[in-house]
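> Can you look at this prediction? I've put the sequence above it.
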Amino acid sequence: AELDNARTGRSGSLASPPTSSDFKQKIDVNPPKGTRDFPPEEMRLRSWLFQNFREVSQSFGFEEIDFPVLESEALFVRKAGEEIRDQLYCFEDRGNRRVALRPELTPSLARLVIQKGKSVSLPLKWFAIGQCWRYERMTRGRRREHYQWNMDIIGVPNVTAEAELISSIITFFKRIGITAVDVGFKVSSRKVLQEVLRRYSVPDNLFGRVCVTIDKLEKIPMDDIKKELRAAELSEQAVEELLQILTVKSLEELEEKLGSSVEVIADLKQLFSLAEKYGYSEWIQFDASIVRGLAYYTGIVFEGFDREGKLRAICGGGRYDRLLSTFGGEDVPACGFGFGDAVIVELLKERGLLPELSPQVQNIVCSLDQDLQGAASLVAARLRDKGQTVDLVLENKPLKWVFKRASRINAQRLIIVGSSEWEKGVVGVKMLSSGEQYEIKVDELE
Ligand SMILES: Nc1ccc(Br)nc1
């Protein structure tokens, strides 16, 4: 009967038996393909993760920002052959505007920096945690949304900024129990590729596209890589030298190949020297093959990886000194990273580091009969005014039911409003872990 009333919205007995039109076709109660719900248990893990993102960002002096999840499509239509472009979740709105669900946060950040212009003083240290989207054919059954933590430093040209960003990620890892045994950072600079392309007079406007192609190494066949590079009008010699330089295994070897006068050597040496001062040398290694897949990086690039090699990159970032001018703004030196909320959870599961997060409430308040529901509300309000958390039982339930709920919500204390006690101005208190119980004046409750 309860279900019937709930279903038909009727109270009391049914006026007439349900007809076929009353039975609604049941909708699909799952979220859209590639998206997730966050019921309480999953939401506690997400909140715990985001709380760590926020506390690390704030401990590094960063300020939180956010932007609309919906942006103009124009913000993301780069022509460098990026996967992020191919999978853009874009559409035309009712005002015939081309819009997109953001696939990343950095272009929005660049838009906001341009918008703020001279009204903000550099450097900016901003962070954001935002849902990002991609429309991928579900053939691979991959997710279409994830939450990304981004930290960006705007207005600092030297690698002290990248060193600080890597330090912030390592601080995060340490907070959640991940060590340099579990995770490392591969670090390189796109100036390595830029130097090789310069030596073969490859026009600057092809730089992003070449990097995006190089990033596909190990993802697509070598022949396709070479085909794409030749399509970008690189000579056979340039292609060979590019692919060769990516196999360099150390800064010393890189210096032998490029010469010590090249700026990129100084950048990388300074970064590794700063890492030593921060105390995180064991976390990072030079790896010339790291280019990252976003067209706009121009300098240092890095990615966090799991040393067991089972998972995809955990996070990644780098310098993007030319992004603002692609939107018509004045270029400002910039670097940042993105850190997704999915791979890190897989890593924590792998390492047995998922935190035990149970619901927490300090009080559950109930009345022993219907007439005292108001008194129970008064007690709940008093406790909440004193900053206590209270689950107020909202219906007349047997005590057995209340104890069951108290256990389920992990309440610390049960407050019982009974008629004889209430007449004396007191309530019953039961500490649910120790079992201790006593009476107390309502005004003395805290
Ligand atoms: N860029 C992006 C967006 C959404 C997911 Br899931 N992965 C990557």
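Cool, the structure landed.

> Mind jotting down where the strands sit in the stretch 201-350 of the chain?
Secondary structure of the stretch 201-350 of the chain by DSSP state E, counting those that start in this stretch: the strands cover 284-286, 300-306, 315-319, 334-340.

> Where does the prediction get shaky in the stretch 51-200 of the chain?
138 (pLDDT under 70).

> residue ranges of the helices in it, please?
For the stretch 51-200 of the chain, the helices defined by DSSP state H, counting those that start in this stretch cover 83-86, 106-116, 160-175, 190-199.

> what residues does stretch 254-271 touch?
158-159, 162-163, 187-189, 191-192, 194-195, 245, 248, 251, 286, 288, 299-300 (C-beta atoms under 8 Å, 6 or more residues apart in numbering). Every C-beta, even on glycine, is put in place using the N, C-alpha and C of the backbone.

> 7 Å - rerun?
Stretch 254-271 is contacted from outside by 159, 162-163, 187, 189, 191-192, 195, 245, 248, 251, 286, 288, 299-300, using C-beta atoms under 7 Å, 6 or more residues apart in numbering.

> With stretch 139-147 instead?
In contact with stretch 139-147 (C-beta under 7 Å, 6+ apart) are residues 33-35, 129-136, 340-342.

> how about 10 Å then?
By C-beta atoms under 10 Å, 6 or more residues apart in numbering, the surrounding residues in contact with stretch 139-147 are 31-36, 38, 46, 49-50, 53, 69, 87, 89, 101, 129-136, 138, 338-343.

> same deal with stretch 396-412?
358-373, 388-391, 393, 395, 413-414, 416, 430-433.

> From those, keep the buried residues only.
363-368, 372-373, 388, 390-391, 393, 413-414, 416, 430, 432 (16 or more other C-beta atoms under 10 Å).

> G340 is in contact with R312, isn't it?
Yes - taking C-beta atoms under 10 Å as the definition, G340 is a contact partner of R312 at 9.0 Å.

> Between the two, tell me which one has more neighbours.
G340 (18 against 11; other C-beta atoms under 10 Å).

> and that one, what are its bridge partners?
Counting by DSSP bridges, G340 is bridged to Q148.

> List the contacts of it.
Per C-beta under 10 Å, 6+ apart, neighbours of G340: 132, 143, 146-149, 312-316.

> Stretch 25-45: end-to-end distance?
Using C-alpha to C-alpha, to the nearest Å, one end of stretch 25-45 lies 34 Å from the other.

> Number the residues from 38 up from this point.
Okay, residue one is now 38; in that scheme the one you just asked about reads as stretch 62-82.

> And the average pLDDT for that stretch is what?
Here stretch 62-82 scores 96 as its mean pLDDT.

> Buried residues in that stretch, which are they?
In stretch 62-82, counting by 16+ other C-beta under 10 Å, buried: 71, 73, 81-82.

> do stretch 367-381 as well
Buried-residue list, stretch 367-381, by 16+ other C-beta under 10 Å: 369-381.

> would you list the residues you listed in JSON lines and tack on distance to T56 and pLDDT?
Below are those laid out as JSON lines (distance: C-beta to C-beta, whole Å; pLDDT from 0 to 100):
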{"residue": "V369", "distance to T56": "67", "pLDDT": "97"}
{"residue": "P370", "distance to T56": "70", "pLDDT": "98"}
{"residue": "A371", "distance to T56": "64", "pLDDT": "98"}
{"residue": "C372", "distance to T56": "65", "pLDDT": "98"}
{"residue": "G373", "distance to T56": "60", "pLDDT": "98"}
{"residue": "F374", "distance to T56": "59", "pLDDT": "98"}
{"residue": "G375", "distance to T56": "54", "pLDDT": "98"}
{"residue": "F376", "distance to T56": "54", "pLDDT": "98"}
{"residue": "G377", "distance to T56": "50", "pLDDT": "98"}
{"residue": "D378", "distance to T56": "47", "pLDDT": "98"}
{"residue": "A379", "distance to T56": "46", "pLDDT": "97"}
{"residue": "V380", "distance to T56": "51", "pLDDT": "97"}
{"residue": "I381", "distance to T56": "52", "pLDDT": "98"}
